[in-house]
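Visitor: When you get a sec, could you give me coordinates for this:
(one chain, ligands or ions: 1)
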Amino acid sequence: MVLKVPRSPGADSSGLYRRPRFVLRAKRFEDIPTILGKTNTYPSPVRIVGADYSQTRCVGGDGGTTVDSGSLDKIVEFGEDFVRAQAGVRIGTLVHALAERGQELTLTPEINQISLGALAVTTLPQASYTKGVAQLSSLVIEIKLITPQGKQMIIAESQRDLMRVLRSSYGLLGVVHEVVLRVQPLTPIKIDYQVMTLAEFNARFNDIVNASGALRLHISPFNDRITVERRTVDETLSTSRSGIWQIRKSVMRNVLPAFGSSVGSILAAPGLTSAVLSGVQRALRATIDRGSRGVVMYAHEWMRDLPQEAWKSRYTYSLWAFPQADFPKILGEYFAFCKAYYKEHRYRCNLVVGASRLHQDRGSLFSASYDGPMFTLEPSSTGEKGWDDFLIDFNDFASALGGVPTFNQTRALQTEHVNKAFGDRVKLFRALRQRTDPLNRLRNSYFAYLLG
Ligand SMILES: Cc1cc2nc3c(=O)[nH]c(=O)nc-3n(C[C@H](O)[C@H](O)[C@H](O)COP(=O)(O)OP(=O)(O)OC[C@H]3O[C@@H](n4cnc5c(N)ncnc54)[C@H](O)[C@@H]3O)c2cc1C
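Guide: Down below sits the predicted model:
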């Protein structure tokens with residue numbers, strides 16, 4: 001049976017307008033066809049919510065029915081090279097359960113709160129190791145789905161075209177209730193840091209991108225500092241705990257916060273903008289020595305919990321991806337853009353900008369690296385006054401430079417940005433969506449505006 005749950009009083013404090021008429025909790029996946037079939041009782045749009053941590057209105061209730069997948073929380077089966085789990089399982093829970101069995105996902109994000117349903121159908125780019133797997137959805141090799149008409153479908157990896165579309169479907173083509181993900185043996189990762197100026201970064205760019213490993217950048221335009229974090233898989237390293245730093249004691253407390261990756265401790269009180277700026281910069285410098293010795297850890301150890309509700313983390317960001325070949329030039333233009341923006345509007349983002357290198361990944365239609373290798377750019381802030389306006393100008397800047405946005409992590413997106421980035425892929429998706437959901441049972445106003 002479905003369970004009606006009260007709307008969270010904080011739901012609109014996130015700054016994201018959602019307002020469904022009902023919020024239901026599906027206790028079993030069999031409840032979903034019932035909800036979809038009762039159009040009078042459960043008004044459209046029917047939107048599925050996982051962990052509810054997206055940066056946009058992609059869940060968007062619009063006076064309809066929001067279905068919370070949180071009760072679909074069973075890990076169904078562990079295999080040699082796969083794991084089968086329900087859509088409401090959080091990635092943190094899954095990754096820790098895998099680690100106990102000596103297994104891991106081939107990409108591991110930094111936060112625990114992503115639901116597997118959202119992982120399967122949204123754009124979640126991560127610093128990648130190899131071509132073909134740069135987004136979490138590419139780990140998905142089977143999807144169990146309920147169509148807008150309430151029919152059950154099972155889609156396997158061999159159905160490549162269908163899988164590619166579903167991995168970018170945001171709940172518009174059906175409701176995912178179970179997924180199978182590819183897994184591999186747990187492998188230690190060596191993490192090195194190098195700090196450089198923009199000029200140094202650009203001069204060394206080819207060497208940086210051609211060396212092996214995943215790349216995460218921490219960028220401070222006003223200090224002319226780029227910290228290059230390289231994560232290298234090293235199967236020769238001892239897997240015994242003695243060779244590995246204890247994350248809670250060292251990296252989580254000391255290294256990651258230094259890069260603004262975990263801002264809770266830095267941003268304890270409101271009104272600390274200048275302290276935050278200098279605090280982050282000070283911490284960055286303090287990290288150089290420690291970082292230069294290198295850190296070894298398992299991927300699951302860098303995962304962290306965000307506060308219970310997304311908006312409480314007081315940490316917000318937006319994400320665009322840019323072609324790798326143009327990235328040095330784009331980074332230079334971004335530095336200039338930030339400085340010019342500050343001069344004119346007296347606003348600058350008060351957290352370090354993150355960036356990830358993405359190998360080409362055609363596993364999903366709206367993949368951020370569909371056309372080739374990319375680097376993301378993720379301006380980050382505490383969401384203080386001026387941030388929303390900054391994003392409007394940043395979006396135009398990013399789009400003009402050939403940027404590719406996402407529907408769940410790029411804020412204040414406009415139709416023209418989407419059309420420019422995805423071109424014919426938007427038309428293809430629109431045609432498919434109209435065929436599979438002609439009554440718009442699953443479509444909300446956010447996607448009606450962006451995708452038609
Ligand atoms: C402070 C903060 C930090 C973050 N840091 C990171 C990070 O380090 N790395 C990273 O990868 N991401 C990060 N994110 C982004 C965030 O993880 C994702 O955008 C989001 O969490 C996706 O998972 P979710 O379960 O919250 O999705 P939701 O927001 O609940 O849903 C996302 C979309 O998927 C659809 N959907 C959800 N479940 C289903 C289903 N079962 N069937 C069909 N459609 C479904 C929804 O309708 C919606 O369109 C961060 C977000 C915040 C707020």
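Visitor: Next, residue 133: secondary structure please.
Guide: Of the three states, residue 133 takes coil under DSSP: H, G, I helix; E, B strand; the rest coil.
Visitor: which residue packs closest to it, ignoring adjacent ones?
Guide: Leaving aside its sequence neighbours, residue 133 sits nearest to residue 106 (C-beta to C-beta, 6 or more residues apart in numbering; 5.7 Å). For glycine as for every other residue, the C-beta is placed from the backbone atoms N, C-alpha and C.
Visitor: Check residue 346 too.
Guide: residue 386 (7.7 Å).
Visitor: Which residues of the stretch 51-200 of the chain lie near the ligand?
Guide: Remark: the part of the stretch 51-200 of the chain in contact with the ligand comprises 51-55, 58-59, 69, 87, 109-111, 113-115, 117-118, 121-122, 124, 170-171, 175-176, using C-beta under 6 Å from any ligand atom.
Visitor: Go again with 8 Å.
Guide: The stretch 51-200 of the chain comes close to the ligand at residues 51-55, 58-60, 69, 72, 87-88, 90, 109-111, 113-122, 124-126, 136, 145, 169-172, 174-177, as judged by C-beta under 8 Å from any ligand atom.
Visitor: Helices - which of these land there?
Guide: Judged by DSSP state H, the subset of these located in helices is 116, 117, 118, 119, 120, 121.
Visitor: about what we covered before: show me what contacts the residue nearest to residue 346?
Guide: 345, 346, 347 (C-beta atoms under 8 Å, 6 or more residues apart in numbering).
Visitor: quick one: which of those is nearest residue 380?
Guide: Distances from residue 380 to those, taken as C-beta to C-beta, are shortest for residue 347 (13.8 Å).
Visitor: Okay, the nearest residue to the closest one once chain neighbours are set aside and the ligand: tell me how far apart.
Guide: Spatially, and ignoring its direct neighbours in sequence, residue 347 is nearest to residue 386 (3.5 Å; C-beta to C-beta, 6+ apart). Relative to the ligand, residue 386 is positioned 19 Å away (criterion: C-beta to the nearest ligand atom, to the nearest Å).
Visitor: for residue 434, same thing?
Guide: In this view, residue 434 and the ligand are 18 Å apart by C-beta to the nearest ligand atom.
Visitor: swap in residue 404?
Guide: As defined by C-beta to the nearest ligand atom, residue 404 lies at a distance of 16 Å from the ligand.
Visitor: repeat for residue 155
Guide: Residue 155 is 13 Å from the ligand, where distance means C-beta to the nearest ligand atom.
Visitor: which residues does that residue contact?
Guide: Contacts of residue 155 were listed using C-beta under 8 Å, 6+ apart, and they are 142, 143, 145, 162, 163, 166.
Visitor: pLDDT at residue 290, what is it?
Guide: According to the per-residue confidence, residue 290 scores 46 in pLDDT.
Visitor: Secondary structure element holding the residue lying closest to residue 397 once chain neighbours are set aside?
Guide: Spatially, and ignoring its direct neighbours in sequence, residue 397 is nearest to residue 337 (5.3 Å; C-beta to C-beta, 6+ apart). When secondary structure is defined using DSSP states H and E, the element that contains residue 337 is helix 327-345.
Visitor: in that helix, what's buried?
Guide: When neighbours are counted by 16 or more other C-beta atoms under 10 Å, the buried residues of helix 327-345 are found to be 327, 328, 330, 331, 334, 335, 337, 338, 341, 342.
Visitor: Test my guess that residue 322 contacts residue 399.
Guide: No - applying C-beta atoms under 8 Å as the test, residue 322 and residue 399 come out as separate, 10.7 Å apart.
Visitor: re earlier: and the angle for the helix or strand following the helix holding residue 337 with helix 327-345?
Guide: Moving toward the C-terminus from helix 327-345, the next helix or strand (DSSP H and E) is strand 351-358. Taking axes from the mean of the first three to the mean of the last three C-alpha atoms, to 10 degrees, strand 351-358 and helix 327-345 form an angle of 160 degrees between their directions.
Visitor: Residue in the stretch 1-150 of the chain with the shortest distance to the ligand?
Guide: When distances are taken as C-beta to the nearest ligand atom, the stretch 1-150 of the chain reaches nearest to the ligand at residue 117, 2.3 Å away.
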